[in-house]
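Novice: kindly generate the corresponding structure for this input.
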Amino acid sequence: MPSGPTHPPGESVQDHVAPGSSPTARRPGLPPAVLEKVRERDPAALAAFFDRYFDQVYATAHRLLGERAAAEDVTQEVFYKVHRAAHQLDPARDPAPWLAAITYNACRDLWRTAEHRLAKKSGSIEDDPALAGRLTSGVNDPERDLLADERRRLVQDAVNRLPEPLRTSVVLFEYGGMNHQEIAELIGVNHAAARKRYSRALALLATMLKETLG
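Specialist: Numbering: from 1, shown residues only. Here you go, the predicted structure:
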């Protein structure tokens, strides 16, 4: 594992980007019986599915794109595709990797558009304060929460600056619930290459965050 900046005992670069710090990430998944109803496009089950996974899909899209409005559009598109492809959902498996793959493909389609390339060149990448607010520690300590929010903002800014292939590897692994083999199959590389991209991404993040989080 690449070396990184100095952090308080027990912390690493992964600690700053891993989903374990998010209350959303700790929420339990939906039971198979509900997922089976999602396959059948039952309105109540679809509503429960939307409520459970909306924040996760939005967060993944925002971290891949770095821009709020685009992430909102992609999130809507993802759930539209979920409705159309609900019969493909496997009730026996965690839906998170499936959703992450759909989200990545939607983001990839957006990356290829001239409008998005122009927005990137104009520097319209932004952070999402609303999302940061939802990711506060929940501890009744305003100063501690403020520091945590600032750290998350700095990490998000660093993730935004990663080259797209490296940003994808970090976001899908750390936030999308996908393993390296699933990511490799999704983006069309072998398993070793997927792991190498992830390691390179962490090394770059460590370099970028060395001064700000040291």
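
Novice: can you give me phi and psi for residue 29?
Specialist: Backbone geometry at residue 29, expressed as degrees, to the nearest 10, gives phi -80, psi 170.

Novice: so it sits against residue 98, correct?
Specialist: No: counting by Cβ atoms under 8 Å, residue 29 stays clear of residue 98, with 11.8 Å between them. All C-beta atoms are positioned from the backbone trio N, CA, C, and that covers glycine.

Novice: which is the next helix or strand following the longest helix along the chain?
Specialist: In the chain, with assignment by DSSP state H, the single longest helix is helix 43-65. Downstream of helix 43-65, the first helix or strand assigned by DSSP states H and E is helix 68-84.

Novice: what comes up buried for that next one?
Specialist: By 16 or more other Cβ atoms under 10 Å, the buried positions in helix 68-84 come out as 68, 70, 71, 74, 75, 77, 78, 79, 82.

Novice: from the residues you listed, which two are the most distant?
Specialist: Using Cβ to Cβ, the pair of the buried residues of helix 68-84 lying farthest apart is 68 and 82, separated by 21.0 Å.

Novice: thinking again about what came up before, CSV for the buried residues of helix 68-84, including pLDDT and distance to residue 171?
Specialist: CSV is the format used below for the buried residues of helix 68-84 (pLDDT from 0 to 100; distance: Cβ to Cβ, whole Å):
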residue, pLDDT, distance to residue 171
68, 87, 16
70, 90, 14
71, 91, 12
74, 94, 13
75, 95, 14
77, 94, 17
78, 95, 14
79, 95, 19
82, 94, 19
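
Novice: now for residue 160, how many residues are close by?
Specialist: 18 (other Cβ atoms under 10 Å).

Novice: element containing it?
Specialist: Using DSSP H and E, residue 160 falls in helix 142-161.

Novice: looking at the buried residues of helix 68-84, spot the one nearest residue 201.
Specialist: The closest of the buried residues of helix 68-84, once distances to residue 201 are taken by Cβ to Cβ, is residue 71, at 19.6 Å.

Novice: from what I see, the closest one and residue 54 are in contact.
Specialist: No: taking contacts as Cβ under 8 Å, residue 71 lies outside contact range of residue 54: 11.6 Å.

Novice: helix or strand with the lowest mean pLDDT in this structure?
Specialist: helix 129-134 (a mean of 41; mean pLDDT, DSSP states H and E).

Novice: who's in contact with the closest residue to residue 62 other than its chain neighbours?
Specialist: In space, and not counting its chain neighbours, residue 62 is closest to residue 71: 3.8 Å by Cβ to Cβ, 6 or more residues apart in numbering. Residue 71 is in contact with 58, 61, 62, 64, 65, 128, counting by Cβ atoms under 8 Å, 6 or more residues apart in numbering.

Novice: returning to that earlier point: give the buried residues for the longest helix of the chain.
Specialist: Buried residues in helix 43-65, counted by 16+ other Cβ under 10 Å: 45-46, 48-49, 52-53, 55-65.

Novice: and the angle for that helix with helix 68-84?
Specialist: 140 degrees (axes from the mean of the first three to the mean of the last three Cα atoms, to 10 degrees).

Novice: does residue 189 belong to a helix, a strand or coil?
Specialist: What DSSP: H, G, I helix; E, B strand; the rest coil gives for residue 189 is coil.

Novice: what's around it, how many residues?
Specialist: Residue 189: 17 neighbours (other Cβ under 10 Å).
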